[in-house]
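Asks: Model the following, please.
(chains A and B)
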Protein chains: 2
Amino acid sequence: MSNDPLVIFTPSGKRGRFPVGTPVLTAARQLGVDLDSVCGGRGICSKCQITPSFGDFPKHGVTVAEDALSEWNKVEQRYDDKRGLKPGRRLGCQATVQGDIVIDVPPESQVHRQVVRKAASARVIEMDPATRLYYVEVEEPDMHDPTGDLERLGAALKSQWDIQAITADFPVLSALQTVLRKGKWTATVALHDAGTGAVPHVLAVWPGLHEAGLYGLAIDLGSTTIAAHLTDLDTGEVKASSGIMNPQIRFGEDLMSRVSYSMMNPGGAVEMTNAVREALDQLTTDIAKEAGIDTSLILETVFVCNPVMHHLLLGIDPVELGQAPFALATSDAVNLSAAELGLRALPASARIHVLPCIAGHVGADAAAVALSEEPGKSEDLALIVDVGTNAEILLGDTSRVLACSSPTGPAFEGAQISSGQRAAPGAIEAIRIDPTTKEPRFRVIGCEKWSDEDGFAEETAQSGITGICGSGIIEAVAEMRIAGLLDPSGLIGSAEQTGTPRCEPEGRTNAYVIHDGTADGGPRITVTQGDIRAIQLAKSALYAGARLLMDVRETETVDRVVLAGAFGAHISPMHAMVLGMIPDVPLDKVTSAGNAAGTGARIALCNRGARQEIAKTVREITKVETAIEPKFQEHFVNANAIPHATDPFPELSQIVTLPQVNFNTGGGDQSGGRRRRRRG
Amino acid sequence: MSNDPLVIFTPSGKRGRFPVGTPVLTAARQLGVDLDSVCGGRGICSKCQITPSFGDFPKHGVTVAEDALSEWNKVEQRYDDKRGLKPGRRLGCQATVQGDIVIDVPPESQVHRQVVRKAASARVIEMDPATRLYYVEVEEPDMHDPTGDLERLGAALKSQWDIQAITADFPVLSALQTVLRKGKWTATVALHDAGTGAVPHVLAVWPGLHEAGLYGLAIDLGSTTIAAHLTDLDTGEVKASSGIMNPQIRFGEDLMSRVSYSMMNPGGAVEMTNAVREALDQLTTDIAKEAGIDTSLILETVFVCNPVMHHLLLGIDPVELGQAPFALATSDAVNLSAAELGLRALPASARIHVLPCIAGHVGADAAAVALSEEPGKSEDLALIVDVGTNAEILLGDTSRVLACSSPTGPAFEGAQISSGQRAAPGAIEAIRIDPTTKEPRFRVIGCEKWSDEDGFAEETAQSGITGICGSGIIEAVAEMRIAGLLDPSGLIGSAEQTGTPRCEPEGRTNAYVIHDGTADGGPRITVTQGDIRAIQLAKSALYAGARLLMDVRETETVDRVVLAGAFGAHISPMHAMVLGMIPDVPLDKVTSAGNAAGTGARIALCNRGARQEIAKTVREITKVETAIEPKFQEHFVNANAIPHATDPFPELSQIVTLPQVNFNTGGGDQSGGRRRRRRG
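Replies: Below is the predicted model:
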């Protein structure tokens, strides 16, 4: 056995003997310990910080003396003076092994550090981004052995980082000579390596050591809203999150109306493509400003979106998606540059990755939900519903995963609702109706109090009470049903029938007044018969999609339900079940995954392996096309009632007793969902 | 031995036995016979035409019966009716083997057909372009097994052409769906495969069988002129050649003045880049129009150019090329798309290949000359001089190749010459001066007659006599020396000294009047002392570069000289030697290679293997930097005289006797080349 000192790394437990004088970084590399370094051990990047431990370690069988590492040196002192090192920290490239030693690698010094997600799911994101920084010392040009600056940069990456070959993004070439001279022949390279075996690609070069970091955008491009997370590609930290409305709404609120716009208007697809790209430019500029980060540092962007958004983003006319057989132009993941995609707020060389689509109606957003929620790894049968203008529905467990989408329309997002609005301060987000008095009380976004609590008026004075958002309208309809203001067909009773003057006539039907702010110059917020119909259509589509997957899977029940989507987290499971949005499961088996598609985008942004993983998963998913399944129409029609006429809800009866009312007097609207014509 | 019929292919001589009924195309493929097919044997592309031979073939040991091939079939008849088949031709995919048969594959049916170059060199170009056409039948989309159109196109290329994987140029994606439907699920794909192991890349897709062909541009981007050859990528045929002036001339006539322009003017490099790209767009549009070819069919372009042009084309500031150590931004070949390069007349997806540079002053044009003239394969020691604004000089044989460049300035191209002009109708291209009478006679471009022949005036009436082009000025100076109008230092004698009134005073020196057209409203064409000095500088630079390479090679002589360059073909070897442009060799050892750089570009355009070959050759060439070699200055000064004072020309004395004259009277200009300051 060698007499060399024993070096033990925690938390990995990796150990080995190394000659006295070996730098800790060298020992770590030889043992395959995950210790970061951008500068390659030159004592300038400070990424290799470690914490030595001293004393007795019976568990490891060593005693560590105070002089087990070399003395604190000038390089460390300089770094400490300039930037400050945490107490007990050393630089792994400077401290050398002098005796047996236990060394802890703190999370921030690990290359493949793990980022714990805030969401309920315990899954962590392992950092392994496609683009990383490398600091290099480049040889100066030599007239007697002429080679290009780029070729000498490549040689430096080969000798100093073992990167065999590179290509460079074209714009890098024009900046390279200035950068290398400014950095006195040292530079930091942002190198994109997709991990697929393709030659790594230089996206950017900075003089000397680049310390401003590297960032990525995870973008959930929805039909109604666009949500972005600006993420630090080193730590995985989300520096800013921001959302804007999709400006394509002016061309049509739901997907099929945008496809129609393209069919009816020559150049319509181009118009919509330009609109969304301009919005993305604005979003990029805004989010970078919010985080105080220069847009030139955003070198990776991942998009998730439904197929129509996918095609319109890529500049492909979505017309084929509007008619059977709903053929995608491309189903695999798309990789390209910001310049190719015409995104001008990003650097031209920034890499764009668009997740693969599952099918003509089941997009990259559903793939992202699958990546985030991993139904294929679930032991029990999970139904995952991503609620949006188009609902993405996944059903599966370890044996098999099925997917479909369902055109719910934008009602769940507060659009096409008479008093509807997006989730913003002033919007009613929760509502309760007293079954006896039929009086409502509610909460608005921006105020913790209910409307019948003291101080509500004062606290909402600034925002006002402006409308109802998605979660609010779901609760309103469910509460109206519970309070006996709606019959099972969805008809609103008259004042006479319900015994409350809040039910008042509106045309040939009735409306329920939640709040009348007209005296103070505010709006009058009502739920109309039209609103009820819109919600019925939306929830029937959602429910029918889920039922269709259950049919294909040959099951009558699911074990758990996950509500996902930008506002999925805000939906009350009880109200969703009263409304009949989701199949009947015990209430505690309904969980919220927040914006699972956005989370999937973040995972793909931070971990290049996840991109390969989801590409494989997508190929294995059973695709179900709702548009051509007669069963879907059948389920859709049957799901129109609140609760469903054909699907008894045993669980629901434990939550709430729904009144036996029937407001149909022969003259009202009872056609419900039957009028709805679906795509194509 | 099998009883199957014997099939013998000519000219390859490949043979094998095949079952009765085997299509000739199938037999050819199994034997590895080079028989073309774009449609994959579907009888629609007619690329697989073959000529069966009948009768006795004692050489091959077979007798071919009249029924050795299947009968002429409907597919062949339909093709013959529509397009016409040459007599005796059959379609290889239709005709099947019935008995022993000898089959000739005509050159136009060979994939790797060879194109004989018109130039003196015997080298042929083997057609193996990076981009080729493939006809495919694509599966229709299936709702129950949803995949993208691109993925089904990839599957078709895999099953029908054994192409394992593809990527697609982004703009192809937006056109793909329309194309596949228009072609009823058949399409022709232009697939770029550099042959380097990278995944092949789809550049364009056309519905059905694409019959309009595929074209490429070989462009020699010179400091003064830009020359392009539009080439059929199937046959290698040059469909049109065209040249325009480089508009960057307005920023400086020679390379160093353009580098200075960039140094002195912020944004100057961008201005010059834009200028040359606009000119390239114009040239592309013009040449395609001339050839009657749609620019959308030009999917490959190869550039050769000197390093400064190379950087300005690519949008890289050439400032580093203006000062030691003359560092290139990149020395390897550059591959990119027309969109990336900002060339708008080409399709966005067209591939651009820029040949590698040899050194900071020895560019891709020199690499192209090396590719075309192959000094490394020469048994005798060859000096190859590419005459242009910057001369590229190669010296070598099978043992070693050396290269340098020399800044001759634009005088050889007729620029900076008082009566100079580019080679165009009306320009004097050849001149003789009677040694006795000192009277000139000349020939102008566009007229075969000499100026003292009958009919000359009539035939030049339209063009006029407008100036002197490059080859004309070289002959003029040499002839003036032979006629005793110049002394060895380059001084023009007075009327008194020379005995001809054509030598007349101009300022403090003299000029020789070649032609006075003022009476007819035309120009007065003279050779001034300034013109002589410009030519002396140019030829001294050229000669000094060649001598420097000879020094490094440690030789006093070369075996042969090749004059290349856009106007290299027009230079009279005798006059070049009288002038002292080139070292002394027997006259019959001076040959012209025409535009060797342009030919090299054509070779790289037509054969992807040549791109790898020249990349390797370039790395092996010994680079000599004239700018830092004191010997270069020495040679330059010594080469000023006509002929050289220090280099006796034994060969020259066999050609012509140069008069012993000396016109120096103390007041003239005799500083010659000594005033010239070189770069940096």
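Asks: So for A:Ile465, what pLDDT did the model give?
Replies: If you check A:Ile465, the pLDDT there is 92.
Asks: Surely it is in a helix?
Replies: No - for A:Ile465, which was evaluated using DSSP: H, G, I helix; E, B strand; the rest coil, the result is coil, with no helix membership.
Asks: Tell me where the stretch 251-400 of chain A has strands.
Replies: Using DSSP state E, counting those that start in this stretch, the strands found in the stretch 251-400 of chain A span residues A:298-305, A:334-337, A:351-354, A:382-386, A:391-397, A:400-406.
Asks: And the ones you listed: which comes nearest B:Glu634?
Replies: Set against B:Glu634 and scored by CB to CB, the strands of the stretch 251-400 of chain A come closest in strand A:334-337, at 51.1 Å. Placement of C-beta: from N, CA and C, glycine included.
Asks: element containing the residue in the stretch 451-600 of chain A positioned nearest to chain B?
Replies: In the stretch 451-600 of chain A, no residue comes nearer to chain B than A:Val552, which is 11.6 Å away by CB to the nearest CB. The secondary structure element spanning A:Val552 is helix A:529-553 (assigned by DSSP states H and E).
Asks: Report how many residues lie close to A:Gln77.
Replies: 12 (other CB atoms under 10 Å in any protein chain shown).
Asks: How is it assigned, secondary-structure-wise?
Replies: helix.
Asks: Name the residues of the stretch 501-650 of chain A found near chain B, please.
Replies: Taking CB under 8 Å from any CB of the partner chain as the contact definition, the stretch 501-650 of chain A meets chain B at A:Lys623, A:Glu625, A:Ile628.
Asks: A:Ser405 is in contact with the first one, correct?
Replies: In other words, A:Lys623. No - assessed by CB atoms under 8 Å, A:Lys623 is found out of contact with A:Ser405, at 9.9 Å.
Asks: mind listing what's buried in stretch A:136-149?
Replies: A:Val136, A:Val138, A:Pro141, A:Met143, A:Pro146, A:Thr147, A:Gly148, A:Asp149 (16 or more other CB atoms under 10 Å in any protein chain shown).
Asks: what's the most distant pair in the residues you listed?
Replies: Taking CB to CB, the two most distant members of the buried residues of stretch A:136-149 are A:Val136 and A:Met143; they sit 22.1 Å apart.
Asks: Where do the helices of the stretch 1-150 of chain A begin and end?
Replies: Assignment of helices within the stretch 1-150 of chain A using DSSP state H, counting those that start in this stretch yields the ranges A:24-31, A:74-82, A:149-161.
Asks: Tell me where the stretch 1-150 of chain A has strands.
Replies: A:6-10, A:15-17, A:49-53, A:55-57, A:62-64, A:90-91, A:101-104, A:114-116, A:124-126, A:131-137.
Asks: can you list those strands in CSV and add mean pLDDT and distance to chain B?
Replies: Below are those laid out as CSV (pLDDT from 0 to 100; distance: least, CB to the nearest CB, whole Å):
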stretch, mean pLDDT, distance to chain B
strand A:6-10, 91, 39
strand A:15-17, 91, 38
strand A:49-53, 91, 36
strand A:55-57, 86, 51
strand A:62-64, 88, 50
strand A:90-91, 93, 34
strand A:101-104, 92, 42
strand A:114-116, 60, 31
strand A:124-126, 84, 28
strand A:131-137, 96, 16
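Asks: For chain B, which of the strands of the stretch 251-400 of chain A is the nearest?
Replies: With CB to the nearest CB as the measure, strand A:334-337 is the member of the strands of the stretch 251-400 of chain A nearest chain B (5.3 Å).
Asks: Need the contact partners of that closest one.
Replies: A:Asp169, A:Ala194, A:Leu314, A:Ala348, A:Ser349, A:Ala350, A:Arg351, A:Ile352, A:His353, A:Val354, B:Phe170, B:Leu173 (CB atoms under 8 Å, 6 or more residues apart in numbering or on different chains).
Asks: Hmm, A:Leu203 and the first one touching each other?
Replies: If I follow you right, that is A:Asp169. Yes - the criterion here is CB under 8 Å, and A:Asp169 meets it with A:Leu203 at 5.5 Å.
Asks: what does the stretch 101-250 of chain A have sitting close to chain B?
Replies: Among all residues of the stretch 101-250 of chain A, those adjacent to chain B (criterion: CB under 8 Å from any CB) are A:140-151, A:168, A:170, A:173-174, A:176-178, A:198-199.
Asks: please redo it, this time with the cut-off set to 6 Å
Replies: Taking CB under 6 Å from any CB of the partner chain as the measure of proximity, the stretch 101-250 of chain A contacts chain B at A:141, A:143, A:146-151, A:170, A:173-174, A:176-177.
Asks: And for the stretch 301-450 of chain A?
Replies: Along the stretch 301-450 of chain A, the residues adjacent to chain B under the rule CB under 6 Å from any CB are A:315-316, A:320, A:325, A:327-332, A:336, A:340, A:359-360.
Asks: hang on, the earlier thing: could you tell me which residues touch both of A:Asp169 and A:Leu203?
Replies: When contacts are counted by CB atoms under 6 Å, 6 or more residues apart in numbering or on different chains, A:Asp169 and A:Leu203 are jointly contacted by A:Ser349.
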